[in-house]
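>>> take this sequence and fold it.
(one chain, ligands or ions: 1)
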Amino acid sequence: MTEQADMSTCGQHGNPDVPDVFPALKNDTFLRAARGEATSYVPVWCMRQAGRYLPEFRMKRAGQDFFETCRNPAACCELTLQPLRRFDLDAAIIFSDILVVPQALGMDAEMIPGKGPTFKQPLEEPSHLQRLLSPHAARSALFYVHDALRLTRHQLDGLVPLIGFAGAPWTLMCYMVEGGGSTTMSRAKRWLYQYPEESHNLLKILTDTVVEYLVDQVSAGAQALQLFESHAGCLGPSLFMEFALPCLKDVARRVQNGLRQADLPAVPMIVFAKDGHFSLQELSQAGYDVVGVDWTVRPELARELTGGKITLQGNLDPCALYAPKEVLEKKVNKMVSEFGTQRYIANLGHGIYPDAPPEGLGTFVDAVHAISRSLNACTN
Ligand SMILES: Cc1c2[nH]c(c1CCC(=O)O)Cc1[nH]c(c(CCC(=O)O)c1C)Cc1[nH]c(c(CCC(=O)O)c1C)Cc1[nH]c(c(C)c1CCC(=O)O)C2
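Numbers count the residues shown, from 1 in each chain. As a prediction, this is how the structure comes out:
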């Protein structure tokens, strides 16, 4: 990241009390790997690294409503920084949630402990699309995420880059139609079969909203962006290519255009399609710099499918963190050796589980660094 790029990051919804020139970045290893540049070790971060597996996270969240916390920039900043105080991570990801976007479009959501996110009035039929606010209205409703990013980027003081994120349109549609989590997503998939045109309309509204949201995140200080397509798996290849992939491509192209038009720096974009092994080849040509891989895919196969030309991110089984230290280190050794130390960002193959032992994450992070340094020393 150059000084010039840092300086150009001025918040559109800027808080006049907070200067928009951010501290210089001290560790750019994650950004270098994302851009496909050489790195002396493999950078590592962890999806959901700000989460319930940390006692300090549970303390801070205790008694607070989840989405209230998301709307509180100081709390988001603190929760984002917590894992960085414990572990030698190479990136921070802003504490927020993908469901703030449907909320900004006017849908009321609650986080019910033990049940997960729940919408009071899901979209049951196409006429319900009229309830949604415009992408333009959603844009201004999301100012609090941008305030959180701006504050966190300052508080990070250049330690590591700050990642912004959004849910991909299909994954957001799943929650909006299902009203919450589901193992089959059969209500949302029913829309694709029964109301294909209206499904495309809904996905278009979500794409428009996500594009502006992500451009605004960079304006507020995000230095990389990740799209979470968490419910790719239930679609299978043909529905994925018809409904999810075109939106992912649009988001990548339109965000990079939007950044250029707003005179903002280009930032690396990551796409993570959980259980979307069948889409890896197409995803590697969808306009993203990095493709995330879940733990069901062999690293060599992921490299083969993506043509060896793109940065990959992943893919340790989150449950490997329960293993004894020596076993975990062996797993990391195998993973790093198979992906290779270049064009690679180590991560879990999905978010860390709430009952993961924090020491496991520490072992994972340190092992990625040590093993990749020694592999690099062998080849140089
Ligand atoms: C599908 C999805 C959601 N949210 C998100 C996804 C995509 C990633 C994935 O596939 O897991 C993304 C997300 N959610 C959260 C982050 C924070 C940043 C990070 O540290 O990675 C990110 C990147 C915080 C959170 N989001 C949530 C928590 C835990 C709840 C809490 O803190 O009280 C956190 C830390 C809640 C949440 N939010 C959502 C679910 C399904 C849940 C779990 C509900 C439960 O387990 O009870 C929707």
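
>>> so the closest residue to residue 157 other than its chain neighbours, which of the three states?
Among residues not flanking residue 157 along the chain, residue 23 sits closest, at 4.9 Å (Cβ to Cβ, 6 or more residues apart in numbering). For the C-beta atoms, the positions are set from N, CA and C on the backbone; glycine is no exception. Reducing the assignment at residue 23 to three states with DSSP: H, G, I helix; E, B strand; the rest coil gives coil.

>>> for residue 23, the count of nearby residues, please.
Around residue 23 sit 13 other residues, with neighbours defined as other Cβ atoms under 10 Å.

>>> so what's the backbone phi/psi at residue 48?
Dihedral angles phi and psi of residue 48 (degrees, to the nearest 10) take the values phi 60, psi 30.

>>> just list whatever residues bridge to residue 117.
For residue 117, the residues forming beta bridges with it (DSSP bridges) are residue 111.

>>> still on that earlier bit, for residue 156, see how far away the residue nearest to residue 157 is.
Residue 23 sits 7 Å away from residue 156 when distances are taken as Cβ to Cβ, to the nearest Å.

>>> wait, what's in contact with the nearest residue to residue 320 once chain neighbours are set aside?
In space, not counting the residues next to it along the chain, residue 320 is nearest to residue 331; the distance is 5.0 Å by Cβ to Cβ, 6+ apart. Residue 331 is in contact with 316, 317, 320, 323, counting by Cβ atoms under 8 Å, 6 or more residues apart in numbering.

>>> for residue 331, phi and psi?
Phi and psi for residue 331, reported as degrees, to the nearest 10, are phi -60, psi -40.

>>> give me phi/psi at the residue in the stretch 201-350 of the chain that the ligand sits nearest to?
Across the stretch 201-350 of the chain, the shortest distance to the ligand (Cβ to the nearest ligand atom) belongs to residue 230, at 3.1 Å. Backbone geometry at residue 230, expressed as degrees, to the nearest 10, gives phi -70, psi -20.

>>> please look at it and residue 165 and confirm they touch.
No. With contacts defined as Cβ atoms under 8 Å, residue 230 does not count as touching residue 165, sitting 11.2 Å away.

>>> what touches both of the two?
Looking at what touches both residue 230 and residue 165 (by Cβ under 8 Å, 6+ apart), the common residues are residue 98.

>>> among the contacts of residue 331, who's most crowded?
Counting neighbours by other Cβ under 10 Å, residue 316 leads those with 24 neighbours.

>>> for residue 54, see how far away the nearest residue to it once chain neighbours are set aside is.
If the residues on either side of it in the chain are set aside, residue 316 comes closest to residue 348, at 5.1 Å by Cβ to Cβ, 6+ apart. Separation of residue 348 from residue 54 (Cβ to Cβ) stands at 15 Å.

>>> neighbour count winner among the two?
Neighbours of residue 348 and residue 54, each counted by other Cβ under 10 Å, are more numerous for residue 348; the result is 27 against 23.

>>> ok, that one - contacts?
The neighbours of residue 348, taking Cβ under 8 Å, 6+ apart as the test, are 46, 47, 295, 314, 315, 316, 317, 318, 321, 364.

>>> tally of neighbours for the last one?
Think residue 364. With neighbours defined by other Cβ under 10 Å, the count for residue 364 comes to 27.

>>> what residues does this structure put near the ligand?
When proximity is defined as Cβ under 6 Å from any ligand atom, the chain approaches the ligand at 47-52, 61, 66, 93, 95-99, 111, 116-117, 165, 181, 228, 230, 274, 351.

>>> can you show me the CA trace of the one helix or strand residue 163 maps to as CSV?
Assigned by DSSP states H and E, residue 163 belongs to strand 162-167. Extracted as CSV, the C-alpha positions of strand 162-167 are listed here (Å, rounded to 0.1, in the frame of the first residue of the first chain):
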residue,chain,number,x,y,z
LEU,A,162,-8.4,-4.0,7.4
ILE,A,163,-10.8,-6.2,5.4
GLY,A,164,-14.3,-5.1,4.7
PHE,A,165,-17.0,-7.6,3.6
ALA,A,166,-20.5,-8.2,2.4
GLY,A,167,-22.7,-11.2,1.8
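
>>> rounded mean pLDDT for it, please.
Taken as a whole, strand 162-167 has an average pLDDT of 98.

>>> any idea where the helices of the stretch 151-300 of the chain begin and end?
Assigned by DSSP state H, counting those that start in this stretch, the helices in the stretch 151-300 of the chain fall at 169-178, 186-194, 196-219, 236-239, 245-261, 280-283, 299-305.

>>> redo the ones you listed as JSON lines? Include distance to residue 70 and mean neighbour count.
Output for the helices of the stretch 151-300 of the chain, formatted as JSON lines (distance: least, Cβ to Cβ, whole Å; neighbours: other Cβ atoms under 10 Å):
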{"stretch": "helix 169-178", "distance to residue 70": "15", "mean neighbour count": "26"}
{"stretch": "helix 186-194", "distance to residue 70": "23", "mean neighbour count": "16"}
{"stretch": "helix 196-219", "distance to residue 70": "14", "mean neighbour count": "21"}
{"stretch": "helix 236-239", "distance to residue 70": "30", "mean neighbour count": "13"}
{"stretch": "helix 245-261", "distance to residue 70": "21", "mean neighbour count": "19"}
{"stretch": "helix 280-283", "distance to residue 70": "28", "mean neighbour count": "20"}
{"stretch": "helix 299-305", "distance to residue 70": "32", "mean neighbour count": "17"}
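
>>> CSV for those helices, including distance to residue 42?
Listed next are these as CSV, based on distance: least, Cβ to Cβ, whole Å:
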stretch, distance to residue 42
helix 169-178, 27
helix 186-194, 36
helix 196-219, 25
helix 236-239, 30
helix 245-261, 24
helix 280-283, 20
helix 299-305, 12
